[in-house]
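*Asks:* Quick one, fold the following:
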Amino acid sequence: MNPRFRVVVPLVACLVLGGTLLWALRDVSSAPSPEAVAAAPSSSASSPSVPGPPMSGSSGSPPEGVGSAVGPAPIASQELAAGEASLPESEDANLPPQENDPIEPEQPQTAAWRHEKLVRITELLDRDVERLEAERQAASARGDEGESRRLAVQLTRHRARLGSLREETAVMADAARQEEQTR
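*Replies:* Numbers count the residues shown, from 1 in each chain. Predicted coordinates:
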């Protein structure tokens, strides 16, 4: 089985299930309650209704200006609305904006700096070449010709890059010496 299917199929199933649940909850929360349907006159059912705030009193009649076809919201949505209303406003809204730390200026990229970076990159590439050579020898010792050829190609590329880096390093060493003499 493809490793992608191990992740994609359950993810799609969760998304479909979540979408179905959201759709079902939307339908439940927008449906009028049985008490409101019984109390609503048939003539006002055809008029457009505007959802209003949840009913807080026990009078059973909607506030003025709200269509009577819309009943009280289900208990879960009333609790959700009460929970949202009781959240305190963030304290950060009243604070002045915080000032950012000053950005340090970029260090000058002198010839000496570039030379040091090239030397470091060359050292790292030397280590990679040694590691790849050991891996190639191990692959050929165990008889894995495909891996041995792949590592040989990678070694060839690394050695070519290493040669060009050594040339660049020599040029940058000269430039760093000239830069140091001009100071």
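*Asks:* Helices along this structure, start to end?
*Replies:* With DSSP state H, the ranges of helices along the chain come out as 3-30, 34-39, 75-85, 111-141, 145-182.
*Asks:* Quick one: low-confidence residue ranges for the chain.
*Replies:* Using pLDDT under 70 as the threshold, the predicted model of the chain has low-confidence ranges 1, 27-93.
*Asks:* quick one on the thing from earlier: rebuild the helices of the chain as a markdown table, extending it with distance to residue 105 and mean neighbour count.
*Replies:* Yep, even glycine has a C-beta here, placed from its N, CA and C like the rest. Listed next are the helices of the chain as a markdown table, based on distance: least, Cβ to Cβ, whole Å; neighbours: other Cβ atoms under 10 Å:
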| stretch | distance to residue 105 | mean neighbour count |
| --- | --- | --- |
| helix 3-30 | 45 | 10 |
| helix 34-39 | 68 | 12 |
| helix 75-85 | 47 | 11 |
| helix 111-141 | 14 | 14 |
| helix 145-182 | 20 | 13 |
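*Asks:* just so I know, which of those lies nearest residue 101?
*Replies:* Counting by Cβ to Cβ, residue 101 lies closest to helix 111-141 out of the helices of the chain; the figure is 24.4 Å.
*Asks:* Next, the angle from the closest one to helix 145-182.
*Replies:* 160 degrees (axes from the mean of the first three to the mean of the last three Cα atoms, to 10 degrees).
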